[in-house]
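S.K.: Quick one: sequence and predicted model below, then my questions.
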Amino acid sequence: MLMSQPAAPLDPMTPRQDGRPVVCEPLAGVTLAAADLELCRRFYGGALDLRVDRVRWSGEGAQQVSRHWGIASTDDLDLLLMTRPGLSDAITLRVVRLAADRPPSRPGLDCRFDGPLGLGVPVRGLAQRHAIVEAYGFKANAGITTMTFPRPDGTTYDIGETQWIAPDDLMVPGVDRAHLHPVGSIDAAFGIGGPSYSSALVSDADRHGEFLDGVLGYELRREFTFESEGPQGGMKLAKGIRVRFQQWFAPGSRTGYLVIMQLLSGSLRAPNGLGLKNRGIGLWSFPTFKFDEVRDRVARLAVPVLSSPAELEVPGVGRQRSMVIATPDGFPIEIVQC
């Protein structure tokens, strides 16, 4: 049963003042699978100015992590670790190399399929950043647009947004909230921050809400329904398809959140499955100071466990305790003990 939620603040970046306890912290890591690491370096390290470190790892430790995360190959790990130095709230990205013949989880960036869609980054000055992205050879789905969002009191506000197409059929919105609080911290020297949220299309928003509330302890700060604009819109859906839109946050947080969307007609199951067996976003990682409580919630709600709690040596992190569970659609979620 979804916990009742108090009235939402006018700006979803503003935490609720209801004293709700924190179970899981904001989203801290996103792991992608890709065939071409150099293309990913060009997009994330060049166009988005993230720091990129390459890690090649072999032996039993690498194989243990591969099995735990559900990576298609359990051979040596070859990955990129991408961070935004100086911005502690930026999400860390890991890109794991897969064989070139592995299919994408979302072929052609088709938004009819369930599963993770992309990552959002805060920007100051979208036109300048868009020019940089294009100079690196990447394009946007619909150029720079103005998005209008409703507030709980019935008023609206506008933000600037563009939706860049990243390698392996990922959508990466650049979000400029102008005078409003940004979706994450911004490095003033670059006019851009690190990844600040991740998005997914799901088969049933109510079931996912019960999961996010009951397992992760997240709170729903915004929900509304909009209609797709047609092929010229960012999601390239047929005109008039109704989309349910939600934003979920860890209590007290302003970033590291999830955008959950459900097509109310015309949705399709992911054709190649979800997770790190295919290209695209394959794992979300959430830290917690209450690991045992989360494990108890998982057991009580009969949430599928994909990988039991284990001690792992993780590149760029060190030793950590981790378990991997599944969302109602079967997407892998990693719970990491702080």
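M.R.: Now that the structure is in, tell me what you want to look at. Numbers count the residues shown, from 1 in each chain.
S.K.: quick one: buried residues of stretch 260-276?
M.R.: Using 16 or more other Cβ atoms under 10 Å as the burial criterion, the residues of stretch 260-276 that qualify are 260-263, 267, 270, 272, 274-276. Just so you know, the C-beta spots here come from the backbone N, C-alpha and C atoms, and that holds for glycine as well.
S.K.: next one: stretch 61-72
M.R.: Of the residues in stretch 61-72, 62-63, 65-66, 68-72 count as buried by neighbour count, 16+ other Cβ under 10 Å.
S.K.: What is the burial count for Gln163?
M.R.: Gln163: 25 surrounding residues under other Cβ atoms under 10 Å.
S.K.: Distance from the chain centre to the least confident helix or strand in the chain by mean pLDDT, please.
M.R.: In the chain, no helix or strand scores lower on mean pLDDT, DSSP states H and E than strand 145-150, which sits at a mean of 82. How far strand 145-150 lies from its chain's middle: 20 Å, per Cα atoms, centre = their mean, to the nearest Å.
S.K.: ok, now stretch 188-208?
M.R.: With Cα atoms, centre = their mean as the basis, stretch 188-208 stands 4 Å off its chain's centre.
S.K.: so which helix or strand takes in Thr225?
M.R.: strand 219-227 (DSSP states H and E).
S.K.: hang on, Gln128 is in a helix, isn't it?
M.R.: Yes. Assessed with DSSP: H, G, I helix; E, B strand; the rest coil, Gln128 lies in a helix.
S.K.: what's the nearest residue to it if we skip its chain neighbours?
M.R.: Gly191 (6.5 Å; Cβ to Cβ, 6 or more residues apart in numbering).
S.K.: What's the separation between Asn278 and Asn272?
M.R.: Distance of Asn278 to Asn272, computed by Cβ to Cβ, to the nearest Å: 5 Å.
S.K.: shared neighbours of those two, anything?
M.R.: 103-105 (Cβ atoms under 8 Å, 6 or more residues apart in numbering).
S.K.: What subset of those is buried?
M.R.: Using 16+ other Cβ under 10 Å, the buried ones in the shared contacts of Asn278 and Asn272 are 104-105.
S.K.: and the angle from the helix or strand encompassing Val243 to strand 219-227?
M.R.: With secondary structure defined by DSSP H and E, Val243 is part of strand 242-249. Strand 242-249 runs at 160 degrees relative to strand 219-227, counting by axes from the mean of the first three to the mean of the last three Cα atoms, to 10 degrees.
S.K.: Tell me which strands whichever helix or strand comes after strand 242-249 pairs with, and in which orientation.
M.R.: The C-terminal neighbour of strand 242-249 among helices and strands, as given by DSSP H and E, is strand 257-263. Using DSSP bridges, the strands paired with strand 257-263 are strand 197-201 (parallel), strand 242-249 (antiparallel).
S.K.: Parallel or antiparallel, list what pairs with the helix or strand following strand 257-263.
M.R.: Using DSSP H and E, the helix or strand that directly follows strand 257-263 along the chain is strand 280-288. With DSSP bridges as the test, strand 280-288 is paired with strand 29-34 (antiparallel), strand 332-337 (parallel).
S.K.: Send me strand 280-288 as CSV with only the CA atoms.
M.R.: Below are the C-alpha coordinates for strand 280-288, written out as CSV (Å, rounded to 0.1, in the frame of the first residue of the first chain):
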residue,chain,number,x,y,z
GLY,A,280,22.1,1.1,-22.2
ILE,A,281,21.4,1.9,-18.6
GLY,A,282,21.6,-1.4,-16.7
LEU,A,283,21.9,-0.6,-13.0
TRP,A,284,20.9,2.1,-10.5
SER,A,285,22.9,2.3,-7.2
PHE,A,286,21.4,3.7,-4.0
PRO,A,287,23.5,4.1,-0.8
THR,A,288,22.0,3.6,2.6
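S.K.: If you count neighbours, what's buried in stretch 195-211?
M.R.: Under the neighbour-count criterion of 16+ other Cβ under 10 Å, stretch 195-211 has 195-203, 205, 208-211 buried.
S.K.: Give me the distance between the two termini of that stretch.
M.R.: Using Cα to Cα, to the nearest Å, the end-to-end distance of stretch 195-211 comes to 23 Å.
S.K.: Could I get the average pLDDT for it?
M.R.: Averaging pLDDT along stretch 195-211 gives 98.
S.K.: Can you pull out the residues in contact with stretch 143-160?
M.R.: Residues outside stretch 143-160 that contact it (Cβ under 8 Å, 6+ apart): 7-11, 126-127, 130, 161-162, 175-178, 180, 222, 224, 234.
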